[in-house]
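Peer 1: fold the following for me, if possible:
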Amino acid sequence: MENELEVLSSLSPEQLGSWLSGFAQIRVSGELERSDWVNAPSQFVEQLSAHLWTTHQLDSFRSAAMAYADRLRAAAPPQPPPIPRLGITIIGKGMSSYDAPLFRKLRGQGAYFNRVNPENGLRTLLDAVAARAKAHRVAFAHWYIDGGKADDHDSALTCVSYESLEPARNALLRKMRSEIDRPGMGPEALRTILARMRPADIGLGNSGNAILDRFQLKLLTEGSGTQIFSTTFAQWAAREALRRSQPLTLLVRFAPRQRQRPMNELLSASRERAEPDVIGSLIDGDMGAYYNWLNQQRLPGTEQSSFLVWFEGHTQAVAIGPSMPRGTESNNATELKDLLSWIA
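Peer 2: I've put the predicted structure just below:
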């Protein structure tokens, strides 16, 4: 955003008019012009989309947006990160054994190791990402996302966890349930209500970090299932962190989610402890690791980026990086710290 504003401020009035000429042709209503789009961007986007659709201006807006984006990319091409990115995904927490093959979608991108020493594995990985965070201190550049309870970690990491947001999740579920029970309430109306919410509405806003509070609010109000499934939460949080902050370091740990139940039960915010689905969570995490790698690959500097996925408490891992031969397999005894040193 800062780069975009810097480019726009450097343009002459004639150049700026040319860049924005397509948008200038779009007609909007007086209500939209007066809306508080700064403090309620989601609601504004929803209303603008409906307006463009009903006034048959959607194609014109899309063409204007694409032309603007092309000019912006030409004037300010994406810059490579100051250090190569490192993504780590940990799956299978609480799983005692699993015989089916894992990481099938990632094995072809790097090297598969089947004799990794799992002892103190989580601590090794957390210490490694903390070291990167302390060596390259940039706000929101080093993330730790946990689908359960976050383990002890360095304060240099930006941490988001499913368990820490339990009060906020329950508050949101109660709000959703009360709105759903109202006569005439439909999914579009519910989405509008969620888009209007502020962090304080679900008990957020006391952390002293307004940016992180709003990020967590968006995770819970925009993500489908992030309120009730820990694996969905971890996957969506990773996706949004990569998209919004383009971090240098991202560690994502999947944890067991609850079993599928009727939607009314899932939305009830019951205090009863839900039965975990450990095997289903492992499968979710396996696919989630692949999505994390794909999303990391969309960022600048992908040629030098590295990625590691590990079956927590077990001996299987896949390491991906410029130095890792693709589609290979190693049966040698290996330490996680060695894998990191080879790719990071």
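
Peer 1: okay, helices next: where are they in the stretch 51-200 of the chain?
Peer 2: Ranges of helices in the stretch 51-200 of the chain, per DSSP state H, counting those that start in this stretch, are 58-75, 104-107, 121-135, 166-180, 187-195.

Peer 1: neighbours around residue 201, how many?
Peer 2: Applying other Cβ atoms under 10 Å, we find 16 residues neighbouring residue 201. The C-beta positions use only the backbone N, C-alpha and C, and glycine is treated the same way.

Peer 1: quick one, phi psi at residue 282?
Peer 2: Dihedral pair for residue 282: phi -60, psi -40, per degrees, to the nearest 10.

Peer 1: so how many other residues sit close to it?
Peer 2: Neighbourhood size, residue 282 [other Cβ under 10 Å]: 22.

Peer 1: hmm, it is touching residue 97, no?
Peer 2: No. With contact defined as Cβ atoms under 8 Å, residue 282 does not count as touching residue 97 (10.6 Å).

Peer 1: tell me the mean pLDDT over stretch 322-333?
Peer 2: Across stretch 322-333, the average pLDDT comes to 96.

Peer 1: and the contacts of it?
Peer 2: 107-115, 117, 303-304, 306, 342-343 (Cβ atoms under 8 Å, 6 or more residues apart in numbering).

Peer 1: out of the residues you listed, which is most surrounded?
Peer 2: Neighbour counts for those, by other Cβ under 10 Å, peak at residue 110, which reaches 25 neighbours.

Peer 1: show the contacting residues for that one.
Peer 2: Applying Cβ under 8 Å, 6+ apart, one finds that residue 110 lies in contact with 307, 318, 319, 320, 321, 324, 326, 328.

Peer 1: let's see it at 7 Å
Peer 2: Contact analysis of residue 110 by Cβ atoms under 7 Å, 6 or more residues apart in numbering lists 318, 319, 320, 321, 324, 326.

Peer 1: which of these count as buried?
Peer 2: Neighbour-count burial (16 or more other Cβ atoms under 10 Å) applied to the contacts of residue 110 gives 318, 319, 320, 321, 324.

Peer 1: can I get those residues in CSV with distance to residue 185 and secondary structure?
Peer 2: Output for those, formatted as CSV (distance: Cβ to Cβ, whole Å; DSSP: H, G, I helix; E, B strand; the rest coil):
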residue, distance to residue 185, secondary structure
318, 45, strand
319, 49, strand
320, 46, strand
321, 49, coil
324, 51, coil
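
Peer 1: ok, of those residues, which one's closest to residue 39?
Peer 2: Using Cβ to Cβ, residue 320 comes nearest to residue 39 of those, at 41.1 Å.

Peer 1: follow-up on the earlier one: winner for burial among the helices of the stretch 51-200 of the chain?
Peer 2: Stretch with highest mean neighbour count among the helices of the stretch 51-200 of the chain: helix 121-135 (a mean of 18; mean count of other Cβ atoms under 10 Å).

Peer 1: let's test this: mean pLDDT of that helix, rounded?
Peer 2: 98.

Peer 1: so the closest residue to residue 112 other than its chain neighbours: helix, strand or coil?
Peer 2: Leaving aside its sequence neighbours, residue 112 sits nearest to residue 329 (Cβ to Cβ, 6 or more residues apart in numbering; 4.7 Å). Under DSSP: H, G, I helix; E, B strand; the rest coil, residue 329 falls in the strand class.

Peer 1: from residue 335, how far off is residue 329?
Peer 2: Distance, residue 329 to residue 335, using Cβ to Cβ, to the nearest Å: 17 Å.

Peer 1: the more surrounded of the two?
Peer 2: Legend: neighbour count by other Cβ under 10 Å for residue 329 and residue 335, higher for residue 335 (14 against 10).

Peer 1: surely the more buried one meets residue 117?
Peer 2: Yes. Between residue 335 and residue 117 there is a contact under Cβ atoms under 7 Å: 5.2 Å.

Peer 1: what ranges does the stretch 201-344 of the chain have for its helices?
Peer 2: Ranges of helices in the stretch 201-344 of the chain, per DSSP H, counting those that start in this stretch, are 210-222, 230-245, 263-266, 278-297, 336-343.

Peer 1: mean pLDDT lowest where, among those helices?
Peer 2: helix 263-266 (a mean of 66).

Peer 1: format the helices of the stretch 201-344 of the chain as a markdown table; extra columns: distance to residue 81.
Peer 2: Shown next, in a markdown table, are those (distance: least, Cβ to Cβ, whole Å):
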| stretch | distance to residue 81 |
| --- | --- |
| helix 210-222 | 20 |
| helix 230-245 | 11 |
| helix 263-266 | 39 |
| helix 278-297 | 11 |
| helix 336-343 | 15 |
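
Peer 1: right, and those helices - which one's nearest residue 162?
Peer 2: For these, proximity to residue 162 was assessed by Cβ to Cβ; helix 230-245 is nearest, at 4.5 Å.

Peer 1: need the residues that contact the closest one.
Peer 2: Contacts with helix 230-245, where a contact means Cβ under 7 Å, 6+ apart, come from 140, 143, 145, 147-148, 160, 162, 218-219, 223, 225-226, 247, 250, 252, 254-255, 257, 281, 284-285, 288, 291-292, 295-296, 299.

Peer 1: drop anything exposed from those.
Peer 2: Listed as buried from the contacts of helix 230-245 are 140, 143, 145, 147-148, 160, 162, 218-219, 223, 226, 247, 250, 252, 254-255, 257, 281, 284-285, 288, 291-292, 295-296, 299; burial here means 16+ other Cβ under 10 Å.
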